[in-house]
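Peer 1: here are the coordinates; sequence isn't available:
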């Protein structure tokens, strides 16, 4: 794939659920589980089209260099910005994510990662920066040992989730906006997946958990 991409008009990506997100590539960024490989929402649909994928690689490169003035200006316009709306963060992104949170104190930066080493450096380092470690039934035991906040996703029908206060939210597997058949609702499910709230700003549980 030709990854040449000129600077986008807008660095953040519009998202009907999260409002905006900082989208990153899957390849070379994610550490997928077995279920991730089969059910990843970014492998199909709009996120997998050539133009969005080229933008994702551009954003990753941009987030790895020191001058992120334009991104800071964009983020200041929003109440909350989801990190890695697609893909996952890399070690080289850490300094600039911290810079974003420092320079935009009124913006909540939140998201999920499969990488405990990323979460350990970023989450709660600043009052407006929170990452949950995302696991599913195919995750390695090392991820399950993470002492901080966890989320479970994608949650598949029949999953047995431990009763553990570390879990803040579950994400039932859904495709094209519809939850998979035979999926029973659970109290900690993301209400957006079940279309009980308009968007993440109507819920906020992913960055206001205690």
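Peer 2: Noted; the coordinates are in hand. Everything numeric in this text was worked out from a predicted model, so none of it was measured.
Peer 1: now the longest helix along the chain: buried residues?
Peer 2: Counting by DSSP state H, the longest helix found in the chain is helix 50-62. By neighbour count with 16 or more other CB atoms under 10 Å, helix 50-62 contains the buried residues 52-60, 62. Heads up, the C-betas are built off the backbone N, CA and C, glycines and all.
Peer 1: as JSON lines, the residues you listed with distance to residue 76 and pLDDT would be great.
Peer 2: JSON lines is the format used below for these (distance: CB to CB, whole Å; pLDDT from 0 to 100):
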{"residue": "52", "distance to residue 76": "24", "pLDDT": "94"}
{"residue": "53", "distance to residue 76": "27", "pLDDT": "95"}
{"residue": "54", "distance to residue 76": "26", "pLDDT": "94"}
{"residue": "55", "distance to residue 76": "21", "pLDDT": "96"}
{"residue": "56", "distance to residue 76": "22", "pLDDT": "97"}
{"residue": "57", "distance to residue 76": "25", "pLDDT": "96"}
{"residue": "58", "distance to residue 76": "21", "pLDDT": "96"}
{"residue": "59", "distance to residue 76": "17", "pLDDT": "97"}
{"residue": "60", "distance to residue 76": "21", "pLDDT": "97"}
{"residue": "62", "distance to residue 76": "17", "pLDDT": "97"}
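Peer 1: so residue 11 touches residue 61, yeah?
Peer 2: No. In this structure, residue 11 is not within contact of residue 61 by CB atoms under 8 Å, at 11.6 Å.
Peer 1: where does pLDDT dip in this structure?
Peer 2: With pLDDT under 70 as the threshold, the chain has low-confidence stretches at 1-5.
Peer 1: which residues in it form strands?
Peer 2: Secondary structure of the chain (DSSP state E): strands located at 13-15, 19-22, 80-83, 108-113, 129-135, 150-155, 167-172, 174-175, 178-179.
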